[in-house]
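Enquirer: Quick one, what's the 3D model for this:
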Amino acid sequence: MQKVLAALKTQDPRMARLIEQIGPCRIRYLPPDFDTLAKAIIYQQLSGKVAATIYGRLLQEAGDGRRLTADAIILLSPERMRSIGLSRQKIAYLRELAHCVSSGRLDLRALRDMEDNEVIRRLTEVKGVGVWTAHMFLIFALQRMDILPTGDLGIRVAMQKLYELPQMPRAREMEKIAEKWRPYRTVAAWYLWRSQEPDANL
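Expert: Below you'll find the model as predicted:
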C-alpha cells in the first residue's frame, strides 16, 4: 500500500495533502457473497443508522447467525420483511437477488475472475442492483483497485470540496479529475469518503 500512496501523492498534490491528513489507508473488505450484495441494496438511499437497524433485524430473521443467506430470504414472507422496516421495492429486490443466487443464475464466485465491466454487466442484470451497488461490490468485496464510483454522493461532495469546484462534479468531470489516480482510483475514493465521514466503517 505504501507504493500506492506514494504514486497518488506524486500524481496529485491535493490528494497528497488529503492522504497526509487522514493517514494510512485501511479499507474494510467484505466477503464476496450474498450478504454483502444484499446489504448494499438495504443501504441504498438510507442513512447508515437506519439501514444498520433494518439489516440487524433482517439478519435475525434470515441469517445463519452472522450473514444473510439467499435461501432464508426466499423462505421469509414479504409481510414479515415489511414489518422490520423494508420498503416493498427493496423486498422485491432482495427476493429477486435471492432467487438469482439460489438458482445459480447469478454465480457470485464466478465474478472473481471477470473484468470490472463484465462484473457490472452481470450484477446490473438483477433488478434492484444498479451501477452504484456494483461499484461497491467491486471495491469492498472483490477488492478491485481502480474503481471510481461516479454515482456516489459522498464522493461527489468530497471532490467538489477538495478541488474547490463551483458545483458538484458530474461523472465526466469526475473521471477527468480522477485520470491522474489510475490505476488506484479505489484508494483515492476511499480517502474522499473518509474526508466526509472520518468515523465511517469503510
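Enquirer: where does the chain have its least confident helix or strand?
Expert: The helix or strand of the chain with the poorest confidence is helix 48-62; it has a mean of 89 (mean pLDDT, DSSP states H and E).
Enquirer: show me where pLDDT drops low in the protein?
Expert: 198-202 (pLDDT under 70).
Enquirer: The protein: helices as residue ranges?
Expert: Applying DSSP state H to the chain gives helices spanning 2-11, 13-22, 34-43, 48-62, 70-75, 78-83, 88-103, 116-124, 131-140, 153-162, 171-178, 185-196.
Enquirer: which outside residues touch the fifth one?
Expert: With CB atoms under 8 Å, 6 or more residues apart in numbering as the test, helix 70-75 has contacts from 34, 38, 61-64, 94-95, 97-99, 101-102. C-betas here are computed from N, CA, C, even on glycine.
Enquirer: one more time with 10 Å, if that's ok
Expert: With CB atoms under 10 Å, 6 or more residues apart in numbering as the test, helix 70-75 has contacts from 33-35, 37-38, 58-59, 61-64, 69, 81, 91, 94-103, 106, 108.
Enquirer: Farthest from the middle of this structure: give me that residue.
Expert: Distance to the chain centre peaks in the chain at Glu79, reaching 27.5 Å (criterion: CA atoms, centre = their mean).
Enquirer: how close does that one sit to Ile91?
Expert: Between Glu79 and Ile91 the computed distance is 9 Å (CB to CB, to the nearest Å).
Enquirer: for the nearest residue to Ala141 once chain neighbours are set aside, what are its contacts?
Expert: Once flanking residues are discounted, Ala141 sits nearest to Pro32: 3.9 Å by CB to CB, 6 or more residues apart in numbering. Neighbouring residues of Pro32 by CB under 10 Å, 6+ apart: 108-109, 111-112, 119, 137-138, 140-143.
Enquirer: cutoff 8 Å now
Expert: Taking CB under 8 Å, 6+ apart, we find Pro32 in contact with 108-109, 111-112, 137, 141-142.
Enquirer: how's the chain carved up into domains?
Expert: Following automatic domain parsing, one finds the domains of the chain at 2-27+147-196, 34-140.
Enquirer: Excluding chain neighbours, what is closest to Leu142?
Expert: Using CB to CB, 6+ apart, the closest residue to Leu142 is Pro32 (5.6 Å).
Enquirer: From Leu106, how far out is that neighbour?
Expert: Look at Pro32 and Leu106: by CB to CB, they are 12 Å apart.
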